[in-house]
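1. Model the structure of this input:
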Amino acid sequence: VALLVAGPVGLMSAVYMAEYATPKVRSVVKPALELLAGIPTIVYGIFAVVTLGPFLRDLSAALTGGSPFIQGQSIFTAGLVMGVMLIPVVSSLSDDIITAVPRAMRDGSLGLGATRSETIKRVILPAALPGIVGAILLTASRAIGETMIVVLAAGVAANLTINPFEAMTTITVKIVNQLTGDLEFNSPQTLVAFALGLTLFALTLVMNIVALYIVRKYREQYE
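-> The predicted structure follows:
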């Protein structure tokens, strides 16, 4: 859910800042967008559980005329807020990748009669696509390790479902729950937390390796 929000919005903002925005607008929009990355995640979590969650619950209840189909704490709510938090990551990485495409490719496409939008769709984005895919995978690995937003907005229910409108838990939240309290190092709760931590580390490591492999293998080398 977070990638569905952060991916398109971050990519479109990167295209705007790299290809359409004037230097004056870029100098204002880019720092303002990256300011979102500096907000503590606990602030996002509080906003989700206090404001966005009840709003979505009441909105779904009004649409159905009865019981809401979106709970106050749900993966959908956590994903929306986390997506807003990850927009600067996708935007900043994609912006650097798009601006790295040589200016000669843009001028050549425009000189052949293509419009600016056609140049972006058929020349710039295909050339920058490997880097953009790598940026999205790196963003996904960042989202997997998030704790505070999901513990507040998604709940702690050990619920295995594909319905994003229900409350459920994540690996990071489960680790927090397992390590809460005064526990012995060799207690079952502590060992479960370490096993979950190793699983999370392995997932994140694999995604980072795949992202770096895609970027290095398919990256265009320009002279």
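2. what kind of secondary structure is Arg106 in?
-> Judged by DSSP: H, G, I helix; E, B strand; the rest coil, the three-state class of Arg106 is helix.
3. do you know how far it is from Arg122?
-> Counting by CB to CB, to the nearest Å, the separation of Arg106 from Arg122 is 11 Å. Backbone N, C-alpha and C define where each C-beta goes, glycine included.
4. Looking at the two, which one has more neighbours?
-> The residue with the greater number of neighbours, taking Arg106 and Arg122 and applying other CB atoms under 10 Å, is Arg106; the counts read 17 against 12.
5. which intervals of this protein have sub-threshold pLDDT?
-> Screening the chain residue by residue with the criterion pLDDT under 70, one finds the ranges 218-223.
6. Buried ones in the helix ranked longest in the chain, by neighbour count?
-> Ranked by residue count, the top helix of the chain under DSSP state H comes out as helix 188-218. By neighbour count, with 16 or more other CB atoms under 10 Å as the criterion, the buried positions of helix 188-218 are 193, 196, 200, 204, 207-208, 210-211, 214-215.
7. tally of neighbours for the residue lying closest to Leu4 once chain neighbours are set aside?
-> The shortest distance from Leu4 to any residue that is not its chain neighbour, by CB to CB, 6 or more residues apart in numbering, is 7.0 Å, and that residue is Gly83. In terms of burial, Gly83 registers 22 neighbours under the definition other CB under 10 Å.
8. Next up, the contacts around Gly83.
-> 1-6, 9 (CB atoms under 8 Å, 6 or more residues apart in numbering).
9. Repeat that for Gln71.
-> By CB under 8 Å, 6+ apart, the contact list for Gln71 reads 53, 57, 155, 165-167.
10. I'd like those residues written out as TSV, with secondary structure added.
-> Output for the contacts of Gln71, formatted as TSV (three-state DSSP):
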residue	secondary structure
Gly53	helix
Arg57	helix
Gly155	coil
Phe165	coil
Glu166	coil
Ala167	coil
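11. From those, pick the one nearest Ser67.
-> Using CB to CB, Arg57 is the member of the contacts of Gln71 that sits closest to Ser67, with 10.0 Å.
12. Now do the contacts for that closest one.
-> Arg57 makes contact with 68, 70-72 under the criterion CB under 8 Å, 6+ apart.
13. which residues in this structure form helices?
-> Using DSSP H, the helices of the chain run over residues 2-15, 23-34, 41-47, 53-64, 75-99, 103-111, 116-119, 125-144, 148-153, 171-178, 188-218.
14. Nearest to Asn159, out of these?
-> Of all these, it is helix 75-99 that lies closest to Asn159, at 9.5 Å by CB to CB.
15. relative orientation of the closest one and helix 53-64 in degrees?
-> When axes from the mean of the first three to the mean of the last three CA atoms, to 10 degrees is applied, the directions of helix 75-99 and helix 53-64 differ by 110 degrees.
16. Buried ones in helix 75-99, by neighbour count?
-> Neighbour count says helix 75-99 has 75-95, 97-98 buried, by 16+ other CB under 10 Å.
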